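Asker: Fold the following.
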Amino acid sequence: VVNEGAIEAARIAAEAKAREEAAKAAADRARLAQMEARKAAEQAAAMERMNAAEQEKRRQAAQKLAAEAIALYKESKFKAAADKFEQAVEQDPTNKTYYYQFGVSLYRIDNFNKSLVYISLAEGSDVNPVEKEFYRGLNFFKLKDIANARSSFKKVEDAKNPDLSPSAAFYNGMIEFDAKKWSASKLAFQRVLDTSKDPRLDERADDMIERILRIQYFEAEKAKKWTLSGTFGTSYDSNVLQVSTSQLDSGTSTNTKGIRTLQQASLRYRPIYERTNEFAVQLDLLNMYTLDSSFKSDQNLRNADPLVLTLQAPVTWKGTLFKKGHKLDLIPGAETIYMSVENNENKAIVNSFFLNAMNTFVMSEKWFANVNLETRNDQSQLDSSTGDDDSTAMKFKLGNSNYFFMNEDKSKILLADVAYSINQAKGKNSKFNRYDLGVGYIGQTLWELTYLAKLGYFNLNYPSAATVRKDSSFTLTLGLSKKLSDKYSAGWTTSYNSNSSNIDSNEYTRITSMLTFSANWQL
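Answerer: Residues are numbered from 1 along each chain as shown. Okay, here's the model as predicted:
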């Protein structure tokens, strides 16, 4: 991890170097200004000593050269134009308009110091003072003489020139942006949007404001090393499922209603958060507690309550892959589940290690796609997990989920996902394969409520079991969520599940409805 103090020291050193270079350029410019002013004065005095006819001849020659220079300038032949304007100045040093045109041409060929000298010497009714100050600002900006550039651009802004003041505001925004003064920079770009009539300039200002917002978000997130979050939920469950004693991915119906509570907590420490990579360590806890519909304890229902402890260390890389925006999350971790599924004794029933690879691809502005591979090793701790019923297994799941954004602000989203899982258990009765399909929609309604409607389907097969089992399940989920503040949110979710199976104990219907309250603190 790069030390923040070292970054600040490097920034200070760079600023000092820029000031040194600007001071050197200013000294060079002062010497050049003296030389050019003396040269111009000498040429003007020499012209004054000429007779009227010779003076007129030189003025005519200067006008012709200036006309040729202007034509070259319009063709973007700036070097040739600068040469012509210089000749025009030499022919008629008394016409200070040529100085200005010569100075602008010098700016175009990156001769900024000399450009400043001649623009500063320019005088006359044909020289627009606001335009002159604008080009002075441009030269100072290129020379990294920030103090003078800021001063010149402010004068142009204050002039309220409809053509040049918005551009001056844009450059003031760039000056503040380079100084990492995000708020001042954003205000300058907003002034561009408020005063400009140039769509291209407006677009550039919009892009810069969006860029600043991303930087401010990034810096705010980077400063938050610790995250503590929690959720409390209470729900009605029309048919509490009992986890099978032989394997953990199936459930048998209890045909008993229950009132359930959910407690979930997460503590996350993120020491690394950069533009291209992240690293964190996270501890999660999930617990459920169930009472019967009369709010009384029932051991059969309590046996369905899990306590899950998960420790994971996600690593994230962000960049491009196959010319698409790409984010890879590699998530190793360990998990233990405690339940009372044997002899009413609460104990660890499975210890797991997992490694998940989560790939997000930005296919377009309106389509994000995820391709995920989950690998998991479950070590069963159940006494009954032996022989053909041994549920110790390697499990693999390959999934693809897609988000299609239906409007510009991404508040309306169409969801589509598909997944295939295979459980390679030691015992043949616990081996299974499963595929999932889902389609849903997310949108917003009154009072800034976010709603979800989703239909899911899965097909589950135990082809090697002593009694071959096949399940087919549909679930309809409806949900609402509301962000109460930056820290707190609330939600409500209701689902209807119908599971068909060739095994009677695994055939059921189920309705659940849950209210949740969540909090999130970042430090």
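Asker: Can you list the low-confidence ranges for the stretch 201-350 of the chain?
Answerer: By pLDDT under 70, the weakly predicted segments of the stretch 201-350 of the chain are 242-254.
Asker: How about residues contacting stretch 222-239?
Answerer: For stretch 222-239, the surrounding residues in contact (CB atoms under 8 Å, 6 or more residues apart in numbering) are 253-271, 273-274, 290, 508-523. Just so you know, the C-beta spots here come from the backbone N, C-alpha and C atoms, and that holds for glycine as well.
Asker: swap in stretch 198-205?
Answerer: With contact meaning CB under 8 Å, 6+ apart, stretch 198-205 is reached by 166, 167, 170, 173, 189, 190, 192, 193, 196.
Asker: can we see that at 10 Å?
Answerer: Under the contact criterion CB atoms under 10 Å, 6 or more residues apart in numbering, stretch 198-205 has outside partners 162-163, 166-167, 169-170, 173-174, 186, 188-196.
Asker: Just the buried ones from these?
Answerer: By neighbour count, with 16 or more other CB atoms under 10 Å, these hold 166-167, 169-170, 173-174, 186, 188-189, 191-192, 195-196 as buried.
Asker: what's the closest of the residues you listed to residue 154?
Answerer: Among these, residue 169 lies closest to residue 154 (CB to CB), at 9.4 Å.
Asker: Could you verify that that closest one is part of a strand?
Answerer: No - per DSSP: H, G, I helix; E, B strand; the rest coil, residue 169 lies outside any strand segment and is helix.
Asker: ok, it to residue 159 distance?
Answerer: Distance, residue 169 to residue 159, using CB to CB, to the nearest Å: 12 Å.
Asker: picking up where we left off before, list the ones among the contacts of stretch 222-239 that fall in strands.
Answerer: Among the contacts of stretch 222-239, the members found in strands (DSSP state E) are 253, 258-271, 273, 290, 508-522.
Asker: Which ChimeraX command selects the buried ones in the residues you listed?
Answerer: To isolate the buried subset of those in ChimeraX, counting by 16+ other CB under 10 Å, use the following:
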select :253,258,259,260,262,264,266,268,270,273,290,508,510,512,514,516,518,522
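Asker: What ranges does the stretch 251-400 of the chain have for its strands?
Answerer: 251-253, 258-273, 277-292, 307-312, 315-321, 324-342, 345-364, 367-380, 393-405 (DSSP state E, counting those that start in this stretch).
Asker: Residue 65 is nearest to which of the ones you listed?
Answerer: Closest of the strands of the stretch 251-400 of the chain to residue 65 is strand 315-321, at 51.8 Å (criterion: CB to CB).
Asker: any idea how far the closest one is from the chain center?
Answerer: Averaged C-alpha coordinates place strand 315-321 at 12 Å from its chain's average position (CA atoms, centre = their mean, to the nearest Å).
Asker: gap between residue 317 and residue 332?
Answerer: Residue 317 is 15 Å from residue 332, where distance means CB to CB.
Asker: Can you give me the pLDDT of residue 480?
Answerer: Per-residue confidence at residue 480 stands at 97 (pLDDT).
Asker: Tell me which strands whichever strand or helix holds it pairs with, and in which orientation.
Answerer: Assigned by DSSP states H and E, residue 480 falls within strand 469-483. Here strand 469-483 has these sheet partners by DSSP bridges: strand 450-462 (antiparallel), strand 488-501 (antiparallel).
Asker: tell me the contacts of residue 59?
Answerer: 47, 88, 91, 92, 94, 95.
Asker: Where does the spatially most central residue of the chain fall, secondary structure wise?
Answerer: Centroid check for the chain by CA atoms, centre = their mean gives residue 214 as the closest residue, at 6.2 Å. Using DSSP H and E, residue 214 falls within helix 199-223.
Asker: Could you list the buried residues of that helix?
Answerer: Buried residues in helix 199-223, counted by 16+ other CB under 10 Å: 201, 202, 204, 205, 208, 209, 212.
Asker: Stretch 294-306 too?
Answerer: Within stretch 294-306, the residues scored as buried using 16+ other CB under 10 Å are 298, 301, 302, 303, 304, 305.
Asker: The contacts of residue 59, buried ones only, as a ChimeraX selection?
Answerer: Only the buried entries of those go into this ChimeraX selection, using 16+ other CB under 10 Å:
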select :47,88,91,92,95
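Asker: Could you let me know which of the contacts of residue 59 ends up closest to residue 180?
Answerer: Residue 180 lies nearest to residue 88 out of those, by CB to CB, at 43.7 Å.
Asker: surely the closest one meets residue 69?
Answerer: Yes - look at residue 88 against residue 69 with CB atoms under 10 Å: they come within range, at 6.5 Å.
Asker: which neighbours do the two share?
Answerer: With contacts defined as CB under 10 Å, 6+ apart, the residues shared by residue 88 and residue 69 are 98, 101, 102.
Asker: now for the helix or strand hosting the first one, which elements pack on it?
Answerer: Residue 98 is part of helix 96-108 when elements are defined by DSSP H and E. Other helices and strands packing on helix 96-108, by 3 or more CB pairs under 10 Å, 6 or more residues apart in numbering; DSSP states H and E, are helix 4-48, helix 52-74, helix 78-91, helix 112-121, helix 129-142.
Asker: closest to residue 416 out of those?
Answerer: For the helices and strands packed on helix 96-108, the distance to residue 416 is smallest for helix 4-48, at 42.7 Å, taking CB to CB.
Asker: Verify the contact between residue 138 and residue 149 for me.
Answerer: Yes - contact criterion CB under 10 Å: residue 138 and residue 149 qualify, at 8.0 Å.
Asker: Quick check: neighbours shared by the two?
Answerer: Both residue 138 and residue 149 are contacted by 168, 171, under the criterion CB under 10 Å, 6+ apart.
Asker: give the contact list for the residue nearest to the centre of the chain.
Answerer: Contacts for residue 214 were tallied using CB under 10 Å, 6+ apart; they are residue 275.
Asker: The nearest residue to residue 146 once chain neighbours are set aside: what's it in contact with?
Answerer: Setting aside the residues directly before and after it, residue 146 is nearest to residue 175 in space (CB to CB, 6 or more residues apart in numbering), at 5.9 Å. Residues in contact with residue 175, defined by CB under 10 Å, 6+ apart, are 137, 140, 141, 146, 147, 149, 150, 153, 181, 184, 185, 188.
Asker: chain center to stretch 198-211, what's the gap?
Answerer: How far stretch 198-211 lies from its chain's middle: 18 Å, per CA atoms, centre = their mean.
Asker: Show the backbone phi and psi for residue 486.
Answerer: Main-chain dihedrals, residue 486, degrees, to the nearest 10: phi -60, psi -20.
Asker: doesn't residue 220 make contact with it?
Answerer: No - contact between residue 486 and residue 220 fails when scored by CB under 10 Å: they sit 11.2 Å apart.
Asker: of the contacts of residue 175, buried ones?
Answerer: Buried by 16+ other CB under 10 Å: 137, 140, 141, 146, 149, 150, 153, 185, 188, out of the contacts of residue 175.
Asker: With distance to residue 240 and pLDDT as new columns, can these be given to me in TSV?
Answerer: As requested, the buried ones among the contacts of residue 175 are exported to TSV (distance: CB to CB, whole Å; pLDDT from 0 to 100):
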residue	distance to residue 240	pLDDT
137	73	94
140	74	91
141	70	92
146	68	88
149	71	93
150	69	93
153	70	95
185	57	95
188	61	95
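Asker: Pick out whichever of those sits closest to residue 398.
Answerer: When the buried ones among the contacts of residue 175 are ranked by distance to residue 398 (CB to CB), residue 185 comes first, at 45.3 Å.
Asker: measure the nearest residue to residue 238 once chain neighbours are set aside to residue 475 for me?
Answerer: Leaving aside its chain neighbours, residue 238 sits nearest to residue 511 (4.3 Å; criterion: CB to CB, 6+ apart). Look at residue 511 and residue 475: by CB to CB, they are 11 Å apart.
Asker: Overlap in contacts, those two.
Answerer: Taking CB under 10 Å, 6+ apart as the criterion, residue 511 and residue 475 both touch 495, 496, 497.
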